[in-house]
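Q: need a 3D model of the sequence below.
(one chain, ligands or ions: 1)
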Amino acid sequence: MRKKFIIGNWKMYGSKASVKALLTTLKSSSVPPSVNVNRIVCPPYVFLAETQTLLEGSQIAWAAQNMAAEREGAYTGEISAAMLREFGCRYVLLGHSERRTYYGETDDLIAKKFKLATESGLTPILCIGETLKQRQSEQTEAVLQRQLDKAMALGESVFQQGILAYEPVWAIGTGVSASAEQAQKVHQFLRQHIALHYSDLAQKLPILYGGSVKPDNAKALFQMPDIDGGLIGGASLHAHDFLQIYGDCVSITN
Ligand code: PGA
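A: Numbering: from 1, shown residues only. Next comes the predicted model:
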């Protein structure tokens, strides 16, 4: 059975007080933890130290939302993989559509970060997804293929250290999730495409869905055979919603 993941992407939200409150509630939740479903939160960088203090020894892991493509050096404003490791991160989001759209991140740059993350002991969570225009012009598969191929070209031993998150851009933050069937169709395509290169890995790789996952649609999505959990934005800022989504994933998995 593939490992499942429920990951909260907090984006650029929160304050010292709200982070503390959210993490304290998540930690003390009565939702029974499952060894098969990993729970991860991705706070903004400046809250990682506090997150480490609050979550150390708990069942919840933490991750960064991005990292630099270089190991160290004169890169003002950047944060290195080694720094993230020092603050207890085991995972890092890479290639989120907001990074691609607003900060011009390319597939080459993202692949470079992917490799560096694995060399630094971080598990990269590679985000891919098509825009509405691309979907409407039937380019979804071509776009996803292009977004995957640079990371796959790093070789099986590197690529297999990552996790994949399919996040259709039109579903992110819009309240309009892909339907469970739509998402399943894409996840199946992704496995087929990966299988052309790495057949064993295609079955083993966790592929998460992201884009307006909420307590009222999470279960249907997670019931799909090729969906291994979710990358949750807005709903992950509300402890109750995040816990319910986690609980839904656990109830399907156990
Ligand atoms: P959303 O964000 O759940 O608010 O749509 C998902 C994401 O951007 O990872």
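Q: what about the lengthiest helix in the chain, near the ligand?
A: Assignment by DSSP state H gives helix 180-197 as the longest helix of the chain. No: counting by CB under 6 Å from any ligand atom, the ligand is not contacted by helix 180-197; separation bottoms out at 12.8 Å. All C-beta spots, glycine's among them, are computed from the backbone N, C-alpha and C.
Q: check which helices and strands that helix sits against.
A: The helices and strands touching helix 180-197, judged by 3 or more CB pairs under 8 Å, 6 or more residues apart in numbering; DSSP states H and E, are helix 140-152, strand 163-166, helix 199-204, strand 207-210, helix 218-222.
Q: now the angle from that helix to helix 140-152?
A: If you take axes from the mean of the first three to the mean of the last three CA atoms, to 10 degrees, helix 180-197 sits at 50 degrees to helix 140-152.
Q: show residues contacting helix 180-197.
A: 140-141, 144-145, 148, 152, 156, 164, 166, 168, 177-178, 201-203, 205, 207, 209, 217, 220-221, 223-227 (CB atoms under 8 Å, 6 or more residues apart in numbering).
Q: go on, stretch 11-25?
A: Here stretch 11-25 has contacts from 41, 43-44, 47, 50-51, 54-55, 60, 65, 98, 233, 237, 239, using CB under 8 Å, 6+ apart.
Q: can you map out the strands along the stretch 51-200 of the chain?
A: 60-64, 91-94, 123-128, 163-166 (DSSP state E, counting those that start in this stretch).
Q: can you lay out those as CSV showing mean neighbour count and mean pLDDT?
A: CSV is the format used below for the strands of the stretch 51-200 of the chain (neighbours: other CB atoms under 10 Å; pLDDT from 0 to 100):
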stretch, mean neighbour count, mean pLDDT
strand 60-64, 22, 97
strand 91-94, 25, 98
strand 123-128, 25, 98
strand 163-166, 25, 98
